[in-house]
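Novice: generate a structure from the sequence data that follows.
(4 chains)
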Protein chains: 2
Amino acid sequence: MRKVKKGEILQRKGDMNSKVYIVDQGLLRSYIIDEKGKEHIYMFGSENWIVADNCEQGAPCQLYIDAIEDSNIREILKEDLMMGNPDLHAISRRLNAMQVRILLLMSSSARERYEHFLQTYPDIIQRVPQRMIASYLGITPEALSRVRKGMFR
Amino acid sequence: MRKVKKGEILQRKGDMNSKVYIVDQGLLRSYIIDEKGKEHIYMFGSENWIVADNCEQGAPCQLYIDAIEDSNIREILKEDLMMGNPDLHAISRRLNAMQVRILLLMSSSARERYEHFLQTYPDIIQRVPQRMIASYLGITPEALSRVRKGMFR
DNA sequence: CACATTTATTGATCTAGATCAATGCGTATT
DNA sequence: AATACGCATTGATCTAGATCAATAAATGTG
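Specialist: As a prediction, the model looks like this:
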């Protein structure tokens, strides 16, 4: 069990941390800071919640995690959680995809989201009409058409 | 193994389905239809992806799932997946929270997202400054202030 | 093939929410 | 008590993307 003070930072972007925090008392948050210095909160975690950065296996952290209140927490290594549970890798990959999606929706422009989609799912682009890509990105087909127009000048 | 034709609907909103679809060949999608009749795609699932509605235990489905291409899929009951894995319930709850968050970000106004937050996390409201709620909702503190003003007349 | 339907593009206009700036209010800090 | 800092509110303005409408290209279907 570990006690943390309000304001204390548990994890920074870029850290090679692979811990999961269980909140016994108090309140944590996880968030990113974008290029303009603006914070985007990904999750709050109060009593009995788990706060974690679902970053990719072995990759550096994307999120900051700090305490909003004085808190009592437990730390668990992801490796230990994974132990004997190979399915958890697939789930972990999915959680990461969702985390990335949420953060993109909160902090990025239509254009940036489309560029990310292009890189991440280049195969899907070939197989579905553009209006579906737009729908997935949370924009209208017209907006996507204009984004593309802007990209190829 | 099941073969489905392009356009075939595997699941509708409101169904009491508790299956997970594994795509062996082809392409599925899951999506919602909002009050205005507009589709919002939640996920695409091509070869070796799992497509599922992470709705709450025992609750009716939120998502439609259909085939974008002729596909070969396997269906697995969630109960069978859960078998002997009690942790999966906690994970399932988290996946649901993320699914709801993504769909809200894609399809709802700042006001609707705030109202949902109020209902879902009434305790958190008391404990964090409004600017953090705004940050979680993906809007500015100014916008949240105006949403609230509009709510109490 | 001819026809209908879906899809993409483009233009004109509108709007939710962002941005910028100023003010007032609590609540720490000295 | 005085000062300062973070927070919420309000007003004025701006903008990314939505909406509406028209056209054109692509795709499917009898």
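
Novice: phi and psi next, for the one residue sitting closest to the centre of chain A.
Specialist: The residue lying closest to the centre of chain A (C-alpha atoms, centre = their mean) is A:Q99, at 3.1 Å. As for A:Q99, its main-chain torsions (degrees, to the nearest 10) stand at phi -60, psi -50.

Novice: is it in contact with A:N54, as I believe?
Specialist: Yes: assessed by C-beta atoms under 8 Å, A:Q99 is found in contact with A:N54 at 4.8 Å. All C-beta atoms are positioned from the backbone trio N, CA, C, and that covers glycine.

Novice: what are the buried residues along the helix or strand of chain A with the lowest mean pLDDT?
Specialist: When each helix and strand of chain A is scored by mean pLDDT, DSSP states H and E, helix A:78-82 comes last, with a mean of 85. For helix A:78-82, a neighbour-count test (16 or more other C-beta atoms under 10 Å in any protein chain shown) marks A:K78, A:L81 as buried.

Novice: one more: stretch A:34-41?
Specialist: In stretch A:34-41, counting by 16+ other C-beta under 10 Å, buried: A:E39, A:H40, A:I41.

Novice: make TSV out of those and add pLDDT, distance to A:D24 and secondary structure.
Specialist: Output for the buried residues of stretch A:34-41, formatted as TSV (pLDDT from 0 to 100; distance: C-beta to C-beta, whole Å; DSSP: H, G, I helix; E, B strand; the rest coil):
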residue	pLDDT	distance to A:D24	secondary structure
A:E39	96	25	strand
A:H40	97	26	strand
A:I41	98	21	strand
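
Novice: any idea which of those residues is closest to A:S135?
Specialist: Using C-beta to C-beta, A:H40 is the member of the buried residues of stretch A:34-41 that sits closest to A:S135, with 22.9 Å.

Novice: how close does the closest one get to DNA strand D?
Specialist: 15 Å (C-beta to the nearest atom of the strand, to the nearest Å).

Novice: who in chain A is up against DNA strand D?
Specialist: By C-beta under 7 Å from any atom of the strand, the residues of chain A that approach DNA strand D are A:S109, A:A110, A:R111, A:G138, A:I139, A:T140, A:E142, A:A143, A:V147.

Novice: among the residues you listed, name the buried ones.
Specialist: A:A110, A:R111, A:G138, A:I139, A:V147.

Novice: leaving out sequence neighbours, find the closest residue to the last one.
Specialist: If you skip the residues right next to it in sequence, A:V147 has A:R111 as its closest partner in space, 4.9 Å away by C-beta to C-beta, 6 or more residues apart in numbering or on different chains.

Novice: so the one you found, which of the three states?
Specialist: Going by DSSP: H, G, I helix; E, B strand; the rest coil, the secondary structure assigned to A:R111 is helix.

Novice: so A:E75 is in which element?
Specialist: A:E75 is part of strand A:71-77, with elements assigned from DSSP states H and E.

Novice: that strand near chain B anywhere?
Specialist: No: remark: strand A:71-77 sits outside contact range of chain B, by C-beta under 8 Å from any C-beta of the partner chain, the gap being at least 11.5 Å.

Novice: who does that strand pair with, and is each partner parallel or antiparallel?
Specialist: Strands adjacent to strand A:71-77 in the sheet, as given by DSSP bridges, are strand A:2-4 (antiparallel), strand A:19-25 (antiparallel).

Novice: now the last one: mean pLDDT?
Specialist: When pLDDT is averaged over strand A:19-25, the result is 95.

Novice: residue of chain A with the smallest distance to DNA strand D?
Specialist: A:A143 (3.0 Å; C-beta to the nearest atom of the strand).

Novice: name the SS class of that residue, please.
Specialist: Going by three-state DSSP: A:A143 is helix.

Novice: now it, nearest residue through space, not along the chain?
Specialist: Nearest non-adjacent residue to A:A143 (C-beta to C-beta, 6+ apart): A:A110, at 5.6 Å.

Novice: residue contacts, the one you found?
Specialist: A:L137, A:I139, A:A143, A:L144, A:V147 (C-beta atoms under 8 Å, 6 or more residues apart in numbering or on different chains).

Novice: ditto for A:Y31
Specialist: A:E39, A:H40, A:I41, A:Y42, A:L63, A:Y64, A:I65, B:S135.

Novice: now for those, which pair is the farthest apart?
Specialist: The span of those, defined through C-beta to C-beta, is set by A:I65 and B:S135 at 14.5 Å.

Novice: who has more neighbours, the two?
Specialist: Higher neighbour count among A:I65 and B:S135: A:I65, with 25 against 22, using other C-beta atoms under 10 Å in any protein chain shown.
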